[in-house]
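Asker: pasting the structure only:
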């Protein structure tokens, strides 16, 4: 029994998270020195993300059978992302209005120090609407890969994929074979890196608690609790309903990706588990082309947790400063957030930077108000990352189901359960496996 438990990577990750939390709480001075180990692990993973996305997207388009099919899948995925992301933004607004976490806070705007958030505001300037669109275009073919910008890597990969798909088979097939072999090599490298996951996860948690301390949560406990509760409602009600309509059980899917969720929680980054998630989705029965197209795209266009955070945090700051926003102003925040959120992927502290970008174009709320939540943002980033991760996982299964590119027998066998009866409103699929 013990031997079997010890063979599971997620058990070691869980143990190291607990040990890291204890180290951070009782020996904070030592814990903060663990940051290089945490950063090193995340950087090891991030170095693989651009080449893996390129191989996956190009293979997904070129291997889909036709340019028309690839375009159809991409279009459906973007439409799905926009609808679900908008729901996330709306839920954040509704929860903030109903529970009013900032009401009664009575913060004095004149006492806020704008220097505390100056660095985030500077970075956010590159995420404003106009700059954001230009940011998608890389300076050179290789700069997107060296800088690790997911949006730019996606753009290059999509262009390469459609170009490759249009070539004759005698030219296309050798390139596809080469990319397929490269993809397998990169996934092999990732499996080696994941042996360091317990160390990286433990170090990340130790640093966070050692740096900020659990006491920093107390003044903002209501906001933190509301944010976590809102994310849970979104996952198990909104995404749960989507899964139910598709014919599968979201609880089984979440259980299937528990290894990745632990990694995401510890590192506060959904990117840390992007490559393992793609591997698991293929093992679950989703076609390689669907996984290659949907999941990388989702990491730029389907950031549900970040969207909830932006509307909820925006209204919290306004309420705390005594600013009453009209329905029109709140809808304005929603529209701006729909655009600025697309630049969040691949940016350290992305949720906070994207919030700064949103508030920068909503003059009613002073950007300096972000100083109110600066101390607790790190503790909210875990929920953002987990929600983003689960959202992309569900999206991939739903898209595979719509396109009839899901092996349901393999899906249910991997998840270890019977198929759910899909509701009359539509057809769709299911998930599973274990990170060994």
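Answerer: Alright, I've got the coordinates. Here the structure is a predicted model, which means the values were calculated and not measured.

Asker: where in the stretch 1-150 of the chain is pLDDT low?
Answerer: Along the stretch 1-150 of the chain, the model assigns pLDDT under 70 to residues 1-7, 65, 110-135.

Asker: Would you mind giving the secondary structure of the residue of the chain most remote from its centre?
Answerer: Distance from the C-alpha centroid of the chain, by CA atoms, centre = their mean, peaks at residue 170 (38.1 Å). The three-state assignment at residue 170 reads helix, by DSSP: H, G, I helix; E, B strand; the rest coil.

Asker: Please report the distance of it from residue 182.
Answerer: 20 Å (CB to CB, to the nearest Å). Placement of C-beta: from N, CA and C, glycine included.

Asker: got it, and residue 189?
Answerer: Counting by CB to CB - residue 189 and residue 182 are separated by 11 Å.

Asker: got the buried residues for the host helix or strand of residue 17?
Answerer: Assessed by DSSP states H and E, residue 17 sits inside helix 9-26. Buried residues in helix 9-26, counting neighbours by 16 or more other CB atoms under 10 Å, are found at 9, 10, 12, 13, 14, 16, 17, 20, 21, 23, 24.

Asker: before we move on, back to that, quick one: pLDDT of the residue farthest from the centre of the chain?
Answerer: At residue 170, the predicted lDDT confidence score is 88.

Asker: What is the neighbour count of the residue lying closest to residue 87 once chain neighbours are set aside?
Answerer: Spatially, and ignoring its direct neighbours in sequence, residue 87 is nearest to residue 238 (5.8 Å; CB to CB, 6 or more residues apart in numbering). Number of residues near residue 238 (other CB atoms under 10 Å) recorded here: 17.

Asker: ok, the residue farthest from the centre of the chain to residue 164 distance?
Answerer: For residue 170 relative to residue 164 (CB to CB), the value is 13 Å.

Asker: swap in residue 338?
Answerer: Residue 338 is 32 Å from residue 164, by CB to CB.

Asker: Residue 46 now?
Answerer: 26 Å.

Asker: how distant is stretch 61-72 from the center of its chain?
Answerer: Stretch 61-72 sits 25 Å away from the centroid of its parent chain (CA atoms, centre = their mean, to the nearest Å).

Asker: what is the mean pLDDT for whichever strand or helix holds residue 295?
Answerer: Here residue 295, judged by DSSP H and E, is contained in helix 288-301. The pLDDT scores in helix 288-301 average 88.

Asker: that older thread, correct me, but the residue nearest to residue 87 touches residue 91?
Answerer: Yes: at 7.1 Å, residue 238 and residue 91 qualify as touching, with contact defined as CB atoms under 8 Å.

Asker: ok, residue 46 and residue 164, which is more surrounded?
Answerer: Comparing residue 46 with residue 164 by other CB under 10 Å, the one with more neighbours is residue 164, at 19 against 16.

Asker: Starting from residue 293, give me the distance back to the closest residue to that one other than its chain neighbours.
Answerer: Closest residue to residue 164 apart from its sequence neighbours, by CB to CB, 6+ apart: residue 62 at 4.3 Å. As for residue 62, its distance to residue 293 is 11 Å (criterion: CB to CB).

Asker: What of residue 204?
Answerer: 30 Å.

Asker: swap in residue 98?
Answerer: 37 Å.

Asker: Look at the two and report which has more neighbours.
Answerer: Between residue 98 and residue 293, counting by other CB under 10 Å, residue 293 is the more crowded of the two (29 against 8).

Asker: thought the more buried one was touching residue 75?
Answerer: No: between residue 293 and residue 75 there is no contact under CB under 8 Å: 10.7 Å.

Asker: Count the residues that sit near residue 199.
Answerer: 18.

Asker: what helix or strand is it on?
Answerer: helix 197-212.

Asker: same for that helix, what does it pack against?
Answerer: The contact analysis (3 or more CB pairs under 8 Å, 6 or more residues apart in numbering; DSSP states H and E) places helix 197-212 against helix 9-26, helix 28-31, helix 35-46, helix 258-267, helix 377-402.

Asker: So for this protein, the centremost residue is which one?
Answerer: Central residue of the chain (CA atoms, centre = their mean): residue 388, at 3.4 Å.

Asker: what about it, distance to residue 155?
Answerer: 20 Å.

Asker: what does residue 74 give?
Answerer: Applying CB to CB to residue 74 and residue 155 gives a distance of 12 Å.

Asker: Settle it for me: which of the two has more neighbours?
Answerer: Between residue 74 and residue 155, counted using other CB under 10 Å, residue 74 has the larger neighbour count: 21 against 17.

Asker: Run a quick neighbour tally on the nearest residue to residue 393 once chain neighbours are set aside.
Answerer: Spatial nearest neighbour of residue 393, chain neighbours left out: residue 257 (5.8 Å); criterion: CB to CB, 6+ apart. When neighbours are counted by other CB under 10 Å, residue 257 registers 26.
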